[in-house]
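1. What would the 3D arrangement of this be:
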Amino acid sequence: MVKDILKNAEAKMSKSVTAMKSELSTMKAGRANPTILDRVEVEYYGGMVPINQVANVSAPEPRVLLIQPWEKAAVKAIEKAILKSDLGLNPSSDGTVIRLIIPELTEETRRNLVKQVKKTGEDAKVAIRSIRRDANDRIKAMKKSNELSEDESKKAEDDIQKKTDVFIKDVDKIIEAKEKEIMAI
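-> Presented below is the predicted three-dimensional model:
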């Protein structure tokens, strides 16, 4: 039973870190990265779908994204979706492909992005600590109902704390790397 609690907590913590990585990958860092378009959805045949399901997105140059729609009819819809998104990018099209020029980030923009990154990291840490608390509560409940001895519950709580520390360190490393990427000129 304790192993199940530990496994469950570890899986949830891992998902929190994965979700944070995914969110960070969609932040623009002054360099062209196709993942910044992952959140942008295009109206296509009556439904909303991500851009990468209607076009090939690549970064042929460090500050240019090239979007090649699989159908010419999708060009206008993709342009419209990018303009409506919160990315602040202006698409330029020649009728068959769309180019997005990623502007150089100003110092102020970089600092704001770093604040966003730190907030995202802090949110992930809060989620991880919440998972730890839930697992500890379950262990305390088992101890209270005499399913676990004092020593077993103490060991289980220590194991959960060790897992928590590992995931918190992972979050810190990821955040630090993203900050360096953003602040690099």
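2. and residue 65, that one's in a strand?
-> Yes. In this structure, residue 65 lies within a strand as judged by DSSP: H, G, I helix; E, B strand; the rest coil.
3. For the closest residue to it other than its chain neighbours, give the beta-bridge partners.
-> Of all residues beyond its chain neighbours, the one nearest residue 65 is residue 100 (4.1 Å), with distances taken as CB to CB, 6 or more residues apart in numbering. Heads up, the C-betas are built off the backbone N, CA and C, glycines and all. Following DSSP bridges, residue 100 is listed with bridge partners residue 65, residue 91.
4. Please report how far residue 100 lies from residue 147.
-> Distance check for residue 100 against residue 147: by CB to CB, to the nearest Å, it reads 57 Å.
5. got it, and residue 58?
-> Residue 58 sits 56 Å away from residue 147, going by CB to CB.
6. quick revisit: more crowded one of residue 100 and residue 147?
-> The residue with more neighbours, out of residue 100 and residue 147 and counting by other CB atoms under 10 Å, is residue 100; that gives 23 against 13.
7. Wait, that one touches residue 60, no?
-> No. Counting by CB atoms under 8 Å, residue 100 does not reach residue 60; the two are 11.4 Å apart.
8. what secondary structure does the residue of the chain most remote from its centre sit in?
-> Taking CA atoms, centre = their mean, the residue of the chain most remote from its mean C-alpha position is residue 146, at 40.9 Å. Recorded secondary structure, residue 146: coil (three-state DSSP).
9. what's the answer for residue 58, then?
-> Reduced to three states by three-state DSSP, residue 58 is strand.
10. just the helices in this protein please.
-> Per DSSP state H, the chain carries helices over the ranges 2-25, 74-84, 107-144, 150-183.
11. what pLDDT, on average, does the second one get?
-> What that stands for is helix 74-84. The predicted model assigns helix 74-84 a mean pLDDT of 86.
12. care to break the protein down by domain?
-> If you go by automatic domain parsing, the domain ranges for the chain are 2-25+106-183, 34-101.
13. where among those domains is the average confidence lowest?
-> Ranked by mean pLDDT, the domains of the chain end with domain 34-101 at the bottom, a mean of 84.
14. end to end, how far does that domain reach?
-> Length of domain 34-101, first residue to last, CA to CA, to the nearest Å: 12 Å.
15. Off-centre distance for it?
-> 20 Å (CA atoms, centre = their mean, to the nearest Å).
16. hang on, the earlier thing: so of the helices of the chain, which one's packed in deepest?
-> Ranked by average neighbour count under the criterion mean count of other CB atoms under 10 Å, the helices of the chain are headed by helix 74-84 at a mean of 18.
17. That one - contacts with which helices or strands?
-> Helices and strands in packing contact with helix 74-84 are listed as strand 41-44, strand 64-69, strand 91-93, strand 98-101; criterion 3 or more CB pairs under 8 Å, 6 or more residues apart in numbering; DSSP states H and E.
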